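Engineer: Need a 3D model of the sequence below.
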Amino acid sequence: MKDIETALEMRYKSLKMEKFPLKYNNLFNGIGFNEEISLGVTDLKIENLKFRNSFCKIYKNSNLILLDIVGKEFKLGLELKKITKRDLVSTGNILYYEMEENLSRERFLEVLEFLKKLFAGEIINLKFSKFKIKLQISNPIEIMKIKLTEELFENSHLKVEELKGSFYEVFLMTKSEGKESLNTWVNFNLENYENYSQENLELSRIYKMEIQGKEYNLIEKIKLEEPLTKEKVLEVQGKIRREKAIIELETVEMGK
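Structural biologist: Got it, this is the predicted structure:
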């Protein structure tokens, strides 16, 4: 078997949610700036969510004004446009952000909530000696990503620093705590499909994880809901698509 991919896995890949934790960047790689303006330190606040001592800079070239914000919990960059000599507003065109990994669970969820509100159009006003900046953007795709990330914590007690790997691996880690079965469908390709003889096919993948200093193998067992006949395999030339399946998870401590 090769190219195994489940529907649950594809929902992360379709949104380009790759390695945990969440980040995004649509700034053209290699772009240069000929002016850098240090604005100083400020607090970011939306409602009761507050992040202190974020360092702010403006980067400029002939075509772009970019606000760069670096805090203890996350980094954030937004394109700005000039309204007056002193007033700037966000455009929503260029955006990048990256969450820090070593946050407490509570603070991590607060960062998610803050970013979700920001991408939903909540206004942040920043005042500096040289500029006044108004941040207001709308980005429903990033909100969707944040909600999927929040779901990982709904029934999990794992710490943020224990969640390593791809978003799908982290999803499986959080689900393995409850020993629950997951309904999905699966795509895969059968090698040497002409010689296929099994009907009750089971696929499996193994992931490495570490919890409280102990290393585990997380085994993902994908069981097809219906027998996969040789006739069907030959008909599709071994390219199996959207077969209903159930995922069962098992964690095995290494060295035992």
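
Engineer: Can you list the low-confidence ranges for the stretch 101-250 of the chain?
Structural biologist: For the stretch 101-250 of the chain, no stretch has pLDDT under 70.

Engineer: quick one: the helices in it?
Structural biologist: For the stretch 101-250 of the chain, applying DSSP state H, counting those that start in this stretch gives helices covering 105-119, 140-151, 167-176, 230-235.

Engineer: Hey, what's the angle from the longest one to helix 140-151? Just curious.
Structural biologist: Yep, that's helix 105-119 we're talking about. For helix 105-119 against helix 140-151, the angle by axes from the mean of the first three to the mean of the last three Cα atoms, to 10 degrees is 160 degrees.

Engineer: Lys19: neighbour count?
Structural biologist: Around Lys19 there are 12 other residues, counting by other Cβ atoms under 10 Å. All C-beta atoms are positioned from the backbone trio N, CA, C, and that covers glycine.

Engineer: ok, it touching Glu169?
Structural biologist: No - the pair Lys19 / Glu169 is not scored as a contact, 9.3 Å apart, by Cβ atoms under 8 Å.

Engineer: What residues sit buried inside stretch 135-143?
Structural biologist: Residues 135, 137, 139, 142-143 are the ones in stretch 135-143 that count as buried (16 or more other Cβ atoms under 10 Å).

Engineer: Can I get these in a markdown table including distance to Met209?
Structural biologist: Formatted as a markdown table, those follow (distance: Cβ to Cβ, whole Å):
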| residue | distance to Met209 |
| --- | --- |
| Leu135 | 37 |
| Ile137 | 35 |
| Asn139 | 31 |
| Glu142 | 27 |
| Ile143 | 28 |
